[in-house]
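K.L.:
I would like to see how this sequence folds:
(2 chains)
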Amino acid sequence: MMFDKERQATEEKIRSYCSQNDIPTPDEIKWMRIPFSGEWGISTSFFQAAAEEARSGKKVVVPERAQEIAAAIAQQLGTPEGFSRVEAVKGYVNLYFSAGDYSRRVIDDVLTMGADYGRGVDKAEQVMVEYSQPNTHKPIHVGHLRNMILGAAICNILEWAGYDVVRANYPGDSGLHVIKWIWNYQKNHAGEEPPEDKIRWMGDIYVEANRLLEENPDLEAEMREVFAQWEARDPDFMALYEKTHQWSREGFDIAYDALDIPFDIFYWQSELDQTGKDLVADLIAKEIAIDERPEGAVVIHLDEILGLEQEKYRVMVILRSDGTALYSTWDLALAPRKFSDYPDLVRSIYIVDVRQSLHLQQVYKTLEIMGYPWTDKLLHLPYEIVNLPGNVTMASREGTVVLLEDLLREAEQRARELVQEKNPELTEEQKHSVAKAVSLGAIKYPMLARDNTKIATFDWESALDFNGQAAPYIQYAHVRANSILKRMEGALPESQLPQHDLAPSEIELIDMISRMPEEIQHAADEFKTLRITNLAYNLARAFNDFYKQCPVLKAPPEVRAGRLRLVAAARQAIANTLGVLGILAPDVM
RNA sequence: GCACCCGUAGCUCAAUGGAUAGAGCGACUGACUUCGAAUCAGUAGGUUCCGGGUUCAAGUCCUGGCGGGUGCGCCA
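P.N.:
Reported below is the predicted structural model:
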């Protein structure tokens, strides 16, 4: 936070006044921003001190006493260096920054740091974030969007906050869904090559496989036999597996490329098959797991091992009765792998659907029982699912999905029509890139602008609605700021103290700009993208208000210079904030 | 049965335990010879699901209900 020095000096004065006057002082003086003012500053309250006095037997009415203390302290503080005035209101002491100094400091800071404004100091700590666990042989659909977009944004936030971030992908390229797909392909589509619309075609084969199995349960045994081909690494099977695997990877690339989602490392589930089985053998040897084969599976009775009376972790199956691996086998193997690849991780974050909470708790607990030293660094960051209207869950098995490419195409087309309508004189090239930036932003923003614990509903109407609290609104503010700077003749004026009384809308805008660094840190601490989407929107709104209220280019020269710098700072802050969210800030639209 | 999540304006959602609970959408009324109207200003809309408790202070924490969702031995 800015004004650290001044704040600390003030804290010292408060402490010494309190101890001299026998007023209880808290361990930590809590500062907040002053609400409801056209000015800005910080405040702290004295309710705790007053309450403590009341508890110790003094006859005081807490709110009144708090105000009394606040008034005395305000009196004592006078007007400290860096502040314009001090007041005591309703138990709070409010310290108002001197507007000129403050605004100059904020604006200079932004313009000096440029594209790095908002970044925290290097924490020299490494964290891994695992996100986007796409399954091969299934289509990527809108239900997967939240995970990808959330994961990428969390990574950005952590990176901006000063962490060294490892972005990990964990694709599911083994398991029953793969077997089902290949079984159906061999049986009903042998030799077929994918058409142009590869993703949809692969999805259809998967849906068909599930339908056939449902219609005729006798086929189950036949399908399971394909599992044996996988277990035996049968050459013909493996060749087909490789080929179809490649088709899926091409689909992933298209999606990641379109959404601009980056990764540092891919942990393929199939590569964990053997280590997973070895680990299971080890668990059996250590008598943590019970081998109930061939009648049953290999299981761990977690509650029993932990001596819990009430059921909590329940029973985890770690190997099927036929000896094949399942998700818990691979997940158990993956966690140690991450720490052997990156021994310095201070945190290993899993961005995974809330419905897998129990499963992940079981995995973490099992690893803890095994005695790994890093299990306290494992963190499941759950998020709620994206449903279709009527609370219908998207399931690729049933084909109740909106394919990602359909959404991207529709959104871009709609954005394209809007650009054409709003700004027909742009070049084709520009229209194309604007439509892309706007449509992607419109898709990403709502995914990040709601709490992870809240279920999202996908419907076409709101997905294609670019009005209101949405990315295009923020992008438009950036365009307006850019437009002013484009018309500015000559270079940006030098830093100066404001030569005029700042208007309320200027103050509000500077305030919003100044919040970016602390919001990044908070967002990183809480893993909340919502903080950044709120900031981005509030920044844009403050800018739009300023834009309306305050002429820049036509303002008198001394005012104009300061406002031009403010516009430049606002443009930078908006662009950086959108950047953290993975949303582009176009210059025109 | 056990566990987790949600409940705030007509709808979708905000609000580090702090001062007056805020936005968007929808509805209604206004503003483009003015730096770009994908904008702005205004009006209407609230027992923060209900009951207890903790606290100087509760939408926020604890507890008991109610309503909705999810998970719970071989899908991932």
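K.L.:
Neighbours of the closest residue to RNA strand B within chain A, how many?
P.N.:
Here the residue of chain A nearest RNA strand B is A:Gly468; by CB to the nearest atom of the strand that distance is 2.3 Å. Quick note: C-beta positions are derived from backbone N, CA and C, even for glycine. Using other CB atoms under 10 Å as the criterion, A:Gly468 is surrounded by 9 other residues.
K.L.:
I'd assumed it was in a strand, is it?
P.N.:
No: under DSSP: H, G, I helix; E, B strand; the rest coil, A:Gly468 falls outside any strand and is assigned coil.
K.L.:
pLDDT value on it, please?
P.N.:
Listed pLDDT for A:Gly468 reads 92.
K.L.:
what's the answer for A:Tyr476, then?
P.N.:
Note for A:Tyr476: predicted pLDDT of 97.
K.L.:
picking up where we left off before, I'd like to know how far the residue of chain A closest to RNA strand B sits from A:Thr577.
P.N.:
18 Å (CB to CB, to the nearest Å).
K.L.:
just A:Asp101 next, same as before
P.N.:
Distance from A:Asp101 to A:Thr577, counting by CB to CB: 24 Å.
K.L.:
So these two - more neighbours on which side?
P.N.:
Neighbours per residue (other CB under 10 Å) separate A:Asp101 from A:Thr577, with A:Thr577 holding more: 30 against 18.
K.L.:
The more buried one contacts A:Ile532, doesn't it?
P.N.:
Yes: with contact defined as CB atoms under 8 Å, A:Thr577 reaches A:Ile532; the gap is 6.3 Å.
K.L.:
what about A:Asp376, how many neighbours?
P.N.:
10.
K.L.:
same check, this time on A:Thr427
P.N.:
For A:Thr427, the neighbour count with other CB under 10 Å is 9.
K.L.:
Mind pulling up the pLDDT for it?
P.N.:
On pLDDT, A:Thr427 comes in at 95.
K.L.:
Contacts for stretch A:475-492, please.
P.N.:
Residues from elsewhere that reach stretch A:475-492, judged by CB atoms under 8 Å, 6 or more residues apart in numbering: A:111, A:437-438, A:441, A:539-541, A:543-544, A:547, A:552-553, A:564-565, A:567-568, A:570-571, A:574-575, A:578, A:583-589.
K.L.:
Which parts of the stretch 151-300 of chain A are helices?
P.N.:
Listed in chain order, the helices of the stretch 151-300 of chain A (DSSP state H, counting those that start in this stretch) span A:176-188, A:198-215, A:219-231, A:235-259, A:273-285.
K.L.:
Make CSV out of the ones you listed and add mean pLDDT.
P.N.:
As requested, these are exported to CSV (pLDDT from 0 to 100):
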stretch, mean pLDDT
helix A:176-188, 95
helix A:198-215, 93
helix A:219-231, 92
helix A:235-259, 95
helix A:273-285, 97
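K.L.:
Pull out the buried residues from stretch A:303-320.
P.N.:
Using 16 or more other CB atoms under 10 Å as the test for burial, stretch A:303-320 gives A:Asp303, A:Tyr313, A:Met316, A:Val317, A:Ile318, A:Leu319, A:Arg320.
K.L.:
how about those residues in TSV, adding pLDDT and secondary structure?
P.N.:
Output for the buried residues of stretch A:303-320, formatted as TSV (pLDDT from 0 to 100; DSSP: H, G, I helix; E, B strand; the rest coil):
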residue	pLDDT	secondary structure
A:Asp303	95	helix
A:Tyr313	95	coil
A:Met316	98	strand
A:Val317	98	strand
A:Ile318	98	strand
A:Leu319	97	strand
A:Arg320	96	coil
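K.L.:
Close to RNA strand B: what parts of the stretch 301-450 of chain A are there?
P.N.:
A:310-312, A:314-315, A:317, A:320-322, A:326-327, A:354-359, A:384, A:391, A:393, A:415, A:418-419, A:422-423, A:434, A:438, A:449-450 (CB under 7 Å from any atom of the strand).
K.L.:
Strand partners (parallel or antiparallel) of the strand ranked longest in chain A?
P.N.:
Criterion DSSP state E: the longest strand present in chain A is strand A:345-353. Next to strand A:345-353 in the sheet, as set by DSSP bridges, lie strand A:126-130 (parallel), strand A:378-383 (parallel).
K.L.:
Just say which of these is most tucked in.
P.N.:
Counting by mean count of other CB atoms under 10 Å, strand A:126-130 has the highest mean neighbour count of the strands paired with strand A:345-353, with a mean of 23.
K.L.:
if we can go back for a sec, tell me the mean pLDDT over the longest strand of chain A?
P.N.:
Mean pLDDT, computed over strand A:345-353, is 97.
K.L.:
Off-centre distance for that strand?
P.N.:
Computed by CA atoms, centre = their mean, to the nearest Å, the chain-centroid distance of strand A:345-353 equals 12 Å.
K.L.:
Contacts for that strand, please.
P.N.:
A:125-131, A:133, A:147, A:150-151, A:154, A:166, A:335, A:338-339, A:360, A:374, A:377-383, A:385, A:527.
K.L.:
what do you get if the cut-off is 6 Å, keeping everything else the same?
P.N.:
If you take CB atoms under 6 Å, 6 or more residues apart in numbering as the criterion, strand A:345-353 is touched by A:125-131, A:151, A:338, A:377-381.
K.L.:
what comes up buried for the helix or strand just after that strand?
P.N.:
Per DSSP states H and E, the first helix or strand lying C-terminal to strand A:345-353 is helix A:357-369. For helix A:357-369, the neighbour count (16+ other CB under 10 Å) marks A:His359, A:Leu360, A:Gln361, A:Gln362, A:Val363, A:Tyr364, A:Lys365, A:Thr366, A:Leu367, A:Ile369 as buried.
K.L.:
wait, doesn't the fifth one sit right on A:Asp331?
P.N.:
Yes: the pair A:Val363 / A:Asp331 is scored as a contact, 4.9 Å apart, by CB atoms under 6 Å.
K.L.:
So which bits of the stretch 451-589 of chain A are right by RNA strand B?
P.N.:
Residues of the stretch 451-589 of chain A lying near RNA strand B by CB under 7 Å from any atom of the strand: A:451, A:453-457, A:466-470, A:472-473, A:476, A:479-480, A:483-484, A:487, A:528, A:530-531, A:534, A:537, A:541, A:544-548, A:550-554, A:588-589.
K.L.:
So which of those residues are in helices?
P.N.:
Here DSSP state H is the test, and these give A:472-473, A:476, A:479-480, A:483-484, A:487, A:530-531, A:534, A:537, A:541, A:544-548 as lying in helices.
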